[in-house]
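In: Below are the sequence and a predicted model; questions follow.
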Amino acid sequence: MKTLVVGIGGMTNGGKSTLSLNLRQQIPNSCIIAQDLFFKDDSVIPVDSNGFKQYDMLDALHMDKMMNQVESWQRDPKSFVAAQGRTAFKEDVFVLIVEGFLIFNYGRLNKLMDKRYFLEIPYNVCKKRRSSRVYFPPDPPGYFDGQVWPNYLKNRQEMENMVSGIVFLDGLKTKEELLAAVYEDVSQEIKRLREKD
């Protein structure tokens with residue numbers, strides 16, 4: 001049995017979840033582990049000097065629990081796919097799609113990635129998309145400019161300093177264009193894995 005780990009990273013509201021879900025629908029024996037499911041309880045999220053909760057940092061996430069899920073998939077991808085309610089086909093390659101805004105900033109997780117994609121959109125589009133979404137707890141006034149965007153820039157710089165091999169994607173392209181590009185690339189890698197040995 002062969003495996004492939006695909007990382008779909010990017011900024012808030014950049015299209016990570018949409019691309020990941022669309023990719024999962026196209027690739028047999030694939031499943032998703034989403035970083036957003038591993039936030040710590042709101043009561044333990046640190047607060048900065050402006051009173052903003054610090055969600056946009058690794059310390060706000062249970063990365064140990066996320067890694068446990070990834071390692072569970074590594075041990076038995078077929079059972080993991082089935083446990084997610086998906087049918088495991090007789091394909092010889094299983095694909096894990098890891099999706100999140102800080103997946104490449106966590107060294108242990110990043111080392112497992114075979115393919116890395118990062119969705120980016122301009123500041124004004126990101127701010128507009130973010131303001132149209134409902135969060136719990138809701139973003140307080142000034143949160144995007146005081147917390148979200150500055151931390152995105154900081155986290156991105158950190159990522160670029162420690163990670164290579166990332167394919168940057170224009171999040172303004174249609175979801176169909178983004179899916180076509182990533183699907184083609186991942187399909188080529190699956191084909192290469194099948195031909196190996």
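Out: Now that the structure is in, tell me what you want to look at.
In: Can you get me a residue count around residue 110?
Out: Using other Cβ atoms under 10 Å, residue 110 has 20 other residues around it. For every residue, glycine as well, the C-beta is placed using N, CA and C.
In: Just list the residues touching the nearest residue to it once chain neighbours are set aside, thanks.
Out: Spatial nearest neighbour of residue 110, excluding adjacent residues (Cβ to Cβ, 6 or more residues apart in numbering): residue 104 at 5.0 Å. Going by Cβ atoms under 8 Å, 6 or more residues apart in numbering, residue 104 touches 7, 9, 110, 113, 116, 118, 159, 162-163, 166.
In: Derive a ChimeraX selection command for the buried subset of those.
Out: To isolate the buried ones among the contacts of residue 104 in ChimeraX, judged by 16 or more other Cβ atoms under 10 Å, type:
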select :7,9,110,113,116,118,159,163,166
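In: so the closest residue to residue 166 other than its chain neighbours bridges to which residues?
Out: Nearest non-adjacent residue to residue 166, counting by Cβ to Cβ, 6+ apart: residue 116, 4.5 Å away. Beta-bridge partners recorded for residue 116 (DSSP bridges): residue 7, residue 166.
In: longest single helix anywhere in this protein?
Out: As assigned by DSSP state H, the longest helix anywhere in the chain is helix 175-195.
In: Please list the residues outside that one that contact it.
Out: By Cβ under 8 Å, 6+ apart, the residues outside helix 175-195 that reach it are 2, 4, 6, 8, 15, 18-19, 22-23, 26-27, 92-93, 95, 114-115, 117, 119, 167, 169, 171.
In: re earlier: how about the contacts of residue 104 in a markdown table, adding pLDDT and distance to residue 176?
Out: Formatted as a markdown table, the contacts of residue 104 follow (pLDDT from 0 to 100; distance: Cβ to Cβ, whole Å):
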| residue | pLDDT | distance to residue 176 |
| --- | --- | --- |
| 7 | 98 | 21 |
| 9 | 98 | 20 |
| 110 | 96 | 28 |
| 113 | 97 | 24 |
| 116 | 98 | 21 |
| 118 | 98 | 19 |
| 159 | 96 | 27 |
| 162 | 93 | 32 |
| 163 | 93 | 27 |
| 166 | 97 | 22 |
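In: ok, then the element right after the helix or strand of the chain with the lowest mean pLDDT?
Out: When the helices and strands of the chain are scored by mean pLDDT, DSSP states H and E, helix 77-83 comes last with a mean of 88. Per DSSP states H and E, the first helix or strand lying C-terminal to helix 77-83 is strand 93-100.
In: mean confidence for that following strand?
Out: For strand 93-100, mean pLDDT rounds to 96.
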